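A.B. asks: Structure, please.
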Amino acid sequence: MSPIQLFIDEDSMDQRFIKVLRARGVDVTSVGEVETISSSDKEQLTLVVR
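C.D. replies: Predicted structure coming up:
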């Protein structure tokens, strides 16, 4: 597992950006992948805070 984990919202979901991060070993999840586009920030945080 990467020491860096990012949850990318719809403002930064450019697939090229995500691919570059993953190629460098960064653990990236986007709101598109978890199907939470247009959810509130609070809902997004609830999802990713473990």
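A.B. asks: quick one: the strands in the chain?
C.D. replies: Taking DSSP state E, the strands of the chain run over residues 5-8, 27-30.
A.B. asks: can you redo those as CSV with distance to Val49?
C.D. replies: Quick note: C-beta positions are derived from backbone N, CA and C, even for glycine. Below are the strands of the chain laid out as CSV (distance: least, CB to CB, whole Å):
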stretch, distance to Val49
strand 5-8, 10
strand 27-30, 13
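A.B. asks: how about those, which one is nearest Leu47?
C.D. replies: Nearest of those to Leu47, taken as CB to CB: strand 5-8 at 7.9 Å.
A.B. asks: Now Ser38: closest residue in space, sequence neighbours ignored.
C.D. replies: Glu10 (7.5 Å; CB to CB, 6 or more residues apart in numbering).
A.B. asks: thought that neighbour was touching Ile37?
C.D. replies: Yes. Assessed by CB atoms under 8 Å, Glu10 is found in contact with Ile37 at 5.3 Å.
A.B. asks: Pull up the overlap in contacts between those two.
C.D. replies: Common neighbours of Glu10 and Ile37 (criterion: CB atoms under 8 Å, 6 or more residues apart in numbering): Val31.
A.B. asks: Show the contacting residues for the residue nearest to Ser38.
C.D. replies: Here Glu10 is in contact with 31-32, 37-38 (CB under 8 Å, 6+ apart).
A.B. asks: where are the low-confidence patches of the chain?
C.D. replies: Counting by pLDDT under 70, the chain shows low-confidence ranges at 1-2, 50.
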